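**Student:** Make a model of this:
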Amino acid sequence: MKKTMLLNVAFGTLAILPAVSKAQQLPPPQEAYVTIEGDPEQVTAPMFKGGKHYNRWFAGFNAGALAPVAATGGSNDFSKWKPNIGYGAYVQYQILHFFGLRADYLGGFLKANNEKNLGNGVNPMDAGRPYLEYKTTLKYSGTLSAVFNITTVNWITKQNIAVLYATVGGGLAGYSPKLTDRRGSEYRYKPDGDIKELVIPVGAGIKFRAADGINVDLAYTMYYTDGDNLDGYVYGPNKDKFSYARVGLEFALGKWDKPDLQFHNPAKQGYDELLLEKKNLAKTLAAANTANAKLAEDVNKLTADADGDGVSDYFDKCPNTPAKTKVDGSGCPLPEPPKVEEKIVITEEDQTIVKEAIRNLEFDFAKATIKEKSYAALDRVAELLKRKNLNLKLSGHTDNIGSLKRNMELSRERAEAVKNYLVSKGVLPNKIEALGYGPTQPIASNKTDEGRQRNRRVEFYIY
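**Tutor:** Next up, the predicted model:
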């Protein structure tokens with residue numbers, strides 16, 4: 001009968017839990033999701049980052065049945081145990097989703113008597129037991145326990161509705177037994193104070209999320225004492241023990257709209273993050289394919305030459321010129337050359353124009369892209385070449401920094417860049433020769449910055 005009553009106290013509320021779960025629709029926990037600005041479809045779910053995103057501190061209060069018996073066996077030194085009211089409180093810190101530390105306080109009363117016959121059918125009083133009953137006041141039990149969550153991993157939800165856990169720890173209990181002898185006289189086992197002994201709590205329980213920041217806690221804990229004093233009677237070799245079956249409420253110490261770390265399921269969150277990463281990767285790949293298609297379209301536009309005159313349609317100012325027609329850099333037919341050969345005279349002024357172009361010629365670092373500030377001087381060279389029908393030899397040079405292969409390529413590319421620019425201004429392509437010599441023809445020592453700067457050049461030679 002007494003055992004039935006103890007079990008009813010511990011697990012009676014299980015009958016109403018399905019109704020509680022159905023009655024309330026728990027809102028989904030607020031996960032640490034980040035939306036990329038300007039693209040609400042592209043989201044990432046960062047993996048667990050600690051206390052910033054989760055509640056880790058909790059406080060609980062409980063009440064239940066204290067009994068001088070343990071589920072592992074044994075009821076101390078009296079034959080009939082009785083459940084009594086116990087009460088407790090605790091503070092828990094969740095270190096990981098499956099592991100935490102909890103400090104518990106427990107108080108209440110323990111009681112038993114010798115009304116029940118022993119296993120051999122003999123009444124304990126007839127077997128020489130000196131006491132009718134005892135009542136122990138458990139003034140306190142302070143313990144620190146490790147809490148291990150057992151059922152945190154599944155593939156359904158990031159926040160579990162319920163979680164099973166086990167506890168083990170150690171601490172100190174202070175209690176005061178009071179005995180009643182055969183004559184009905186009561187006396188304290190230790191008249192001058194309380195007994196203080198080491199206790200080892202071992203237990204298990206289940207927690208349910210009742211609402212944001214509020215959990216229901218059902219648990220059963222066995223306390224093993226380091227002595228045979230709990231009932232005030234030393235009998236046999238076994239040490240005394242007691243248990244506490246309880247129902248309680250737990251409250252998160254923080255913002256209740258945050259999810260609780262102890263209910264967190266990292267496996268499900270990690271799986272969802274992989275799906276989101278897959279989605280983001282697919283979007284990135286689609287964007288890259290679109291950009292590549294546009295680039296291919298632009299390249300085709302720049303290289304197309306419908307009339308076959310050697311000038312791209314994009315730059316051709318005179319499309320549809322007849323086949324084999326000689327054209328200038330803009331794609332327009334060239335005027336017929338004069339029949340009389342003119343003697344080419346290169347003046348000092350012509351040389352000045354060329355020298356100014358050389359002096360003002362600048363490229364982007366390590367590239368063959370001409371800077372805009374060089375255009376004006378090059379425009380004057382183009383006008384000179386067209387006006388006097390001059391030929392131009394371009395020689396690209398570099399210092400010796402970097403590989404020989406790359407320097408040879410860069411010097412040729414820069415000479416070609418100057419040629420292309422002059423051709424775009426109407427100079428005949430066949431009037432310009434562009435060569436690259438790399439570092440093979442230095443005009444200064446490459447051992448100094450000044451020397452290397454002089455060696456990085458494009459030389460102009462008109463004739």
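**Student:** Give me the below-cutoff pLDDT ranges for the stretch 201-350 of the chain.
**Tutor:** Residues of the stretch 201-350 of the chain meeting the criterion pLDDT under 70: 267, 337-342.
**Student:** Same question for the stretch 1-150 of the chain.
**Tutor:** Looking at the stretch 1-150 of the chain by pLDDT under 70, you get 1-51.
**Student:** Strands along the stretch 151-300 of the chain, start to end?
**Tutor:** Remark: strands assigned in the stretch 151-300 of the chain by DSSP state E, counting those that start in this stretch are 162-181, 186-188, 195-211, 214-225, 241-252.
**Student:** Tell me which of the ones you listed sits most buried.
**Tutor:** strand 241-252 (a mean of 22; mean count of other Cβ atoms under 10 Å). (Glycine included, C-beta is placed from N, CA and C.)
**Student:** Summarise which helices and strands that strand is packed against.
**Tutor:** helix 2-11, strand 57-67, strand 84-96, strand 99-113, strand 214-225 (3 or more Cβ pairs under 8 Å, 6 or more residues apart in numbering; DSSP states H and E).
**Student:** Skip ahead from the fourth one and say which helix or strand is next.
**Tutor:** Note on strand 99-113: by DSSP states H and E, the next helix or strand toward the C-terminus is strand 131-149.
**Student:** Okay, buried residues for that following strand please.
**Tutor:** 131-136, 138, 141, 143, 145, 147, 149 (16 or more other Cβ atoms under 10 Å).
**Student:** now swap in stretch 257-267 and tell me
**Tutor:** Here stretch 257-267 shows 258-266 as buried, counting by 16+ other Cβ under 10 Å.
**Student:** gap between it and the chain center?
**Tutor:** 15 Å (Cα atoms, centre = their mean, to the nearest Å).
**Student:** Alpha carbons of it, as PDB, please.
**Tutor:** Extracted C-alpha coordinates of stretch 257-267, given in PDB (Å, rounded to 0.1, in the frame of the first residue of the first chain):
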ATOM      1  CA  ASP A 257      12.100  33.800 -26.000                       C
ATOM      2  CA  LYS A 258      15.500  32.000 -26.300                       C
ATOM      3  CA  PRO A 259      15.600  28.200 -26.700                       C
ATOM      4  CA  ASP A 260      16.900  26.100 -23.800                       C
ATOM      5  CA  LEU A 261      20.200  24.500 -24.400                       C
ATOM      6  CA  GLN A 262      19.300  21.400 -22.500                       C
ATOM      7  CA  PHE A 263      16.500  20.700 -25.000                       C
ATOM      8  CA  HIS A 264      18.700  21.600 -28.000                       C
ATOM      9  CA  ASN A 265      19.200  18.900 -30.700                       C
ATOM     10  CA  PRO A 266      22.500  19.700 -32.600                       C
ATOM     11  CA  ALA A 267      22.000  16.800 -35.000                       C
END
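**Student:** Looking at the buried residues of strand 131-149, which two lie furthest apart in space?
**Tutor:** Maximum pairwise distance among these (Cβ to Cβ): 44.7 Å, between Leu132 and Asn149.
**Student:** For Gly436, find the nearest of the helices and strands packed on strand 241-252.
**Tutor:** Nearest of the helices and strands packed on strand 241-252 (Cβ to Cβ): strand 84-96, 63.7 Å.
**Student:** tilt between the closest one and strand 214-225?
**Tutor:** If you take axes from the mean of the first three to the mean of the last three Cα atoms, to 10 degrees, strand 84-96 sits at 110 degrees to strand 214-225.
**Student:** Give me the sheet partners of strand 84-96 and which way each runs.
**Tutor:** strand 57-67 (antiparallel), strand 99-113 (antiparallel) (DSSP bridges).
**Student:** mind giving me CSV with those and columns for distance to Gly193 and mean neighbour count?
**Tutor:** Output for those, formatted as CSV (distance: least, Cβ to Cβ, whole Å; neighbours: other Cβ atoms under 10 Å):
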stretch, distance to Gly193, mean neighbour count
strand 57-67, 22, 20
strand 99-113, 17, 19
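**Student:** Now render those as CSV, adding distance to Ile85.
**Tutor:** CSV is the format used below for the strands paired with strand 84-96 (distance: least, Cβ to Cβ, whole Å):
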stretch, distance to Ile85
strand 57-67, 7
strand 99-113, 6
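**Student:** now for the helices and strands packed on strand 241-252, which one comes closest to Tyr375?
**Tutor:** The nearest among these, by Cβ to Cβ, is strand 84-96 at 65.4 Å.
**Student:** Tell me what angle the closest one forms with strand 131-149.
**Tutor:** Going by the same axes, to 10 degrees, strand 84-96 makes 20 degrees with strand 131-149.
**Student:** what comes into contact with strand 84-96?
**Tutor:** Here strand 84-96 makes contact (Cβ atoms under 8 Å, 6 or more residues apart in numbering) with 54-67, 100-111, 138, 147, 244, 246, 248, 250, 260-262.
**Student:** Pull out the buried residues from that strand.
**Tutor:** 84, 86-88, 90, 92, 94.
**Student:** ok, now stretch 295-312?
**Tutor:** In stretch 295-312, counting by 16+ other Cβ under 10 Å, buried: 307, 309, 311.
**Student:** is it true that the last one lies in a helix?
**Tutor:** No. Counting by DSSP: H, G, I helix; E, B strand; the rest coil, one finds Val311 to be coil, located in no helix.
**Student:** correct me, but it touches Pro333?
**Tutor:** No. At 11.3 Å, Val311 and Pro333 do not qualify as touching, with contact defined as Cβ atoms under 8 Å.
**Student:** list residues touching both of these two?
**Tutor:** Shared contacts of Val311 and Pro333, counting by Cβ under 8 Å, 6+ apart, come down to Val327.
**Student:** and the buried residues of stretch 295-312 as a markdown table, adding distance to Thr72?
**Tutor:** Output for those, formatted as a markdown table (distance: Cβ to Cβ, whole Å):
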| residue | distance to Thr72 |
| --- | --- |
| Asp307 | 99 |
| Asp309 | 100 |
| Val311 | 96 |
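**Student:** nearest to Arg457, of those residues?
**Tutor:** The closest of those, once distances to Arg457 are taken by Cβ to Cβ, is Val311, at 29.2 Å.
**Student:** Chain neighbours aside, what residue packs nearest to the closest one?
**Tutor:** Gly331 (3.7 Å; Cβ to Cβ, 6 or more residues apart in numbering).
**Student:** Report the separation between that neighbour and Gly402.
**Tutor:** 37 Å (Cβ to Cβ, to the nearest Å).
**Student:** which one of the two has more residues nearby?
**Tutor:** Neighbour tally, Gly331 and Gly402, criterion other Cβ atoms under 10 Å: the higher count belongs to Gly331, 21 against 13.
**Student:** Show me what the residue nearest to Ala63 when sequence neighbours are not counted is bridged to.
**Tutor:** Closest residue to Ala63 apart from its sequence neighbours, by Cβ to Cβ, 6+ apart: Tyr87 at 4.9 Å. Beta-bridge pairing for Tyr87 (DSSP bridges): Ala63, Gly107.
**Student:** for the one 4 residues further on, same thing?
**Tutor:** Bridge pairing for Val91 (DSSP bridges) gives the partners Ala59, Ala103.
**Student:** before we move on, the earlier item: which of the buried residues of strand 131-149 lies closest to Arg456?
**Tutor:** Checking these one by one against Arg456 (Cβ to Cβ), the nearest turns out to be Asn149, at 67.8 Å.
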